[in-house]
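**Student:** no sequence on this one, just coordinates:
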């Protein structure tokens with residue numbers, strides 16, 4: 001985990017990054033798949049979001065991942 005420098009909105013403790021997760025968007029719920037198959041999921045996309053947490057109060061939030069600096 002790395003500190004992000006951003007303070008928690010609730011207690012101002014520095015937030016820690018848990019990494020980037022890809023959240024599914026535009027798909028169908030899992031319980032519908034047996035009825036209609038995978039066709040509705042063809043338009044499914046993923047949205048990469050960084051997960052941040054506060055070790056003090058347990059608050060969790062998402063944000064767009066910050067761009068990584070290019071290595072020369």
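**Tutor:** It's in. As the structure is a computational prediction, the values presented were derived from the model and not from experiment.

**Student:** can we go C-alpha only for contacts and neighbour counts from here?
**Tutor:** Will do.

**Student:** pLDDT score for residue 18?
**Tutor:** The model reports residue 18 with a pLDDT of 94.

**Student:** that one touches residue 49, doesn't it?
**Tutor:** No - between residue 18 and residue 49 there is no contact under CA atoms under 8 Å: 10.5 Å.

**Student:** neighbour-wise, which of those two wins?
**Tutor:** Neighbours around residue 18 and residue 49, counted as other CA atoms under 10 Å, are more numerous at residue 49. The numbers are 17 against 14.

**Student:** need the three-state assignment for that one.
**Tutor:** With DSSP: H, G, I helix; E, B strand; the rest coil as the basis, residue 49 sits in strand.

**Student:** then the one 3 residues further on?
**Tutor:** Per three-state DSSP, the local secondary structure of residue 52 is strand.

**Student:** what sits against it?
**Tutor:** Neighbouring residues of residue 52 by CA atoms under 8 Å, 6 or more residues apart in numbering: 15, 16, 17, 18, 19, 60, 61, 62, 63.

**Student:** residue 20 now?
**Tutor:** Counted by CA under 8 Å, 6+ apart, residue 20 has contacts 48, 49, 50, 51, 65.
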